[in-house]
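Q: Sequence and computational prediction follow.
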Amino acid sequence: MNRVPGDAENAHSSSVESCPSLRDVHSINPAQLMARIESYEGREKKGISDVRRTFCLFVTFDLLFITLLWIIELNVKGGIETTLEKEVLQYDYSSSYFDIFLLAVFRFKVLILAYAMCRLRHWWAIAVSSS
């Protein structure tokens, strides 16, 4: 069962061909390599999911939008300082929008606490805050 010298050469050449050469290793794009490394690292260290992050961003923009609308309403009614004093200190349910602003602040705090900090996996926080 002696091997023929030609078979040994063929076996050696096929194993050499299957191994990447030094030239092939240097042809790897560094950006692709970093993207692969980051994708492997990101799987283990990901703190918050994309959907959860988007929802928290939506809640933040909701608070900012309500605040902007309330500031515009204060300005339209005759000046921010005087109207702010009238709406906050002399609160009237029928004419003040301060309660809407406070509700937006409360909703923001509850949802960010439940979904960003505590990573709650149940829908009750959304149901409570939006009803």
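A: That came through fine. Numbering: from 1, shown residues only.

Q: from here on, contacts and neighbour counts on C-alpha atoms
A: OK.

Q: Domain-wise, how is the protein divided?
A: Domains of the chain are assigned by the TED database as 30-89, 92-130.

Q: pull the longest helix from the chain.
A: helix 50-76 (DSSP state H).

Q: List the buried residues for the next helix or strand after that one?
A: Using DSSP states H and E, the next helix or strand after helix 50-76 towards the C-terminus is helix 80-88. Neighbour counts over helix 80-88 (16 or more other Cα atoms under 10 Å) mark 80, 83-84, 87 as buried.

Q: May I see the residues you listed organised as a markdown table, with pLDDT added?
A: As requested, those are exported to a markdown table (pLDDT from 0 to 100):
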| residue | pLDDT |
| --- | --- |
| 80 | 85 |
| 83 | 87 |
| 84 | 85 |
| 87 | 85 |
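
Q: so what pLDDT did residue 86 get?
A: Turning to residue 86, the model gives it a pLDDT of 86.
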